[in-house]
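Participant: need a structure here:
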Amino acid sequence: MSGTELRNISFHGIGTPEGSEREPGEHRYWVTEAAFLDVLDECAKHPHVRLSFDDGNASDVAIGLPALVERGLKADFFPIADRIGTPGNVDEAGLRALIDAGMTVGTHGAGHRPWTSALATHHEAELRAARERIAAATGRPVDTAACPFGAYDRGVLKALRAAGYRTVFTSDARPAREGSWLQPRYSVETDDTAASVRTRMLAPRSAAERVVDRGVLMVKAWR
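Facilitator: Residues are numbered from 1 along each chain as shown. Purely as a prediction, here's the structure:
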């Protein structure tokens, strides 16, 4: 049974990205530390916001974690298993620091490949081995997942259900319902500010918009 409406808001890198993009469009989702802190302060005003961090960048622990702790906030973190401990990415000590601070750590897959295509050839690596790698690093079971690139279809959702994931996060830029297995999220982008997040992600939805939201999510889940 789903309950209260939630606004899931996700971050990626914080600060200035080093080097070239690892995939096209990556830098579009990096925000400055100042912008991150402003957005975080805005989110802290809204009790039905749920925060998350994708990709497992080192900035999650260096910048994101202290800011969350200072504000008494919790968040879900979704590292990419194959990048753990590599330059610019969170290491095992960082993952344990997240757990020790009361955060949740899930999986964003093994190699940051869209599951709509990758599961045909990398099913075990993406849904089982990545999960086990992260669980071994954190010392906690992993039962939440965030779809890489927000990509999913009926086959992906069926595979995630079969694998026993408790909650699955997407990037559909729609409100979510507390307790729902599938959780749409809004992604903070480089040009976002506290004001744009308030307008684009946190503003009340009209009755017509709610109908469209339900229809879009239903179509995506069953295609």
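Participant: low pLDDT regions in this protein?
Facilitator: 1-2, 216, 219-220, 222-223 (pLDDT under 70).
Participant: tell me the spacing between the nearest residue to F149 once chain neighbours are set aside and S206.
Facilitator: Using CB to CB, 6 or more residues apart in numbering and skipping residues adjacent in sequence, the residue nearest F149 is P114, 4.8 Å away. In this view, the C-beta of every residue, glycine as well, is placed from N, C-alpha and C. For P114, the distance to S206 (CB to CB, to the nearest Å) stands at 32 Å.
Participant: which one of the two has more residues nearby?
Facilitator: P114 (17 against 9; other CB atoms under 10 Å).
Participant: list the contacts for that one?
Facilitator: 147-149, 151 (CB atoms under 8 Å, 6 or more residues apart in numbering).
Participant: between those, which is nearest S52?
Facilitator: S52 lies nearest to C147 out of those, by CB to CB, at 12.0 Å.
Participant: on that earlier part again, same list, the contacts of P114, but as TSV with neighbour count, distance to C43 and secondary structure please.
Facilitator: Shown next, in TSV, are the contacts of P114 (neighbours: other CB atoms under 10 Å; distance: CB to CB, whole Å; DSSP: H, G, I helix; E, B strand; the rest coil):
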residue	neighbour count	distance to C43	secondary structure
C147	25	22	coil
P148	25	23	helix
F149	17	23	helix
A151	16	25	coil
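Participant: let me see the ranges of the strands in the protein.
Facilitator: Here the chain has its strands, by DSSP state E, at 5-11, 49-55, 75-79, 104-105, 144-146, 167-169, 176-177, 182-183, 186-187.
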